[in-house]
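*Asks:* how would this look folded up:
(chains A and B)
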Amino acid sequence: EAQVTQNPRYLITVTGKKLTVTCSQNMNHEYMSWYRQDPGLGLRQIYYSMNVEVTDKGDVPEGYKVSRKEKRNFPLILESPSPNQTSLYFCASSLSSWGNTEAFFGQGTRLTVV
Amino acid sequence: DQQVKQNSPSLSVQEGRISILNCDYTNSMFDYFLWYKKYPAEGPTFLISISSIKDKNEDGRFTVFLNKSAKHLSLHIVPSQPGDSAVYFCAASARRNYGQNFVFGPGTRLSVLP
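*Replies:* Numbers count the residues shown, from 1 in each chain, chains lettered A, B, ... in the order given. Below you'll find the model as predicted:
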């Protein structure tokens, strides 16, 4: 079954404690991205990757890091989380970087930073 | 400033009637538009899309209309069913923004009443 898998689904952490949210896709997609969803703001892109070892900033990259060492995995790293990073996070993958094909989303990670 | 707007945060419709969800955009470079549906505790799933060279695309009960001169698109659901109750996101992309993929609107919560 084609899918994007994120872990964990829920996470509560304290300010400053480094954390990683994992994302894996089984569709051999080249393009992967991370979004955060906040009330009234929709989904905003954090980082994206067009292929292995190729990553770039989206609209809201501050406080986040990513890596793309393998095609299937695209982890999101918060080196020093802060309360304003409390949000619902989605990983997505798609065939094309052009935005003319659908994106497949993971089930989301609800992060709370206290 | 949001490039993709969905000015109705919520919409309630009676089962069997038509649901019309609206989306406005400001960037004239957008050339591909998609609608995603999101249920609680799940990631968004692709619903329907339209290229800027068309003004209508239909898929079963779902039809998307694009008015480029007005920078407006709408999603029509006929007939509406209780299972359509979800948050609907409008998304847009531009080929010249290669890599940055989609810009999402804030979403409209549709409630279909039995």
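
*Asks:* residues in contact with B:Ala86?
*Replies:* With contacts defined as CB atoms under 8 Å, 6 or more residues apart in numbering or on different chains, the neighbours of B:Ala86 are B:Lys37, B:Lys38, B:Tyr39, B:Arg109, B:Leu110. C-beta: built from backbone N, CA, C; applies to glycine.

*Asks:* Provide the secondary structure category for B:Ser12.
*Replies:* Three-state assignment for B:Ser12 (DSSP: H, G, I helix; E, B strand; the rest coil): strand.

*Asks:* Distance check, the closest residue to B:Pro79 other than its chain neighbours against B:Phe46.
*Replies:* Distance criterion CB to CB, 6 or more residues apart in numbering or on different chains; nearest residue to B:Pro79, sequence neighbours excluded, is B:Gly16 at 4.6 Å. Distance of B:Gly16 to B:Phe46, computed by CB to CB, to the nearest Å: 25 Å.

*Asks:* Compare the two (neighbour count), which wins?
*Replies:* Per other CB atoms under 10 Å in any protein chain shown, whichever of B:Gly16 and B:Phe46 has more neighbours is B:Phe46, with 16 against 11.

*Asks:* List the buried residues for the lengthiest strand in chain A?
*Replies:* Among the segments of chain A that qualify as a strand by DSSP state E, the longest is strand A:42-51. Judged by neighbour count using 16 or more other CB atoms under 10 Å in any protein chain shown, the buried positions of strand A:42-51 are A:Gly42, A:Leu43, A:Arg44, A:Gln45, A:Ile46, A:Tyr47, A:Tyr48, A:Ser49, A:Met50.

*Asks:* And A:Tyr89, how close does it get to chain B?
*Replies:* 10 Å (CB to the nearest CB, to the nearest Å).
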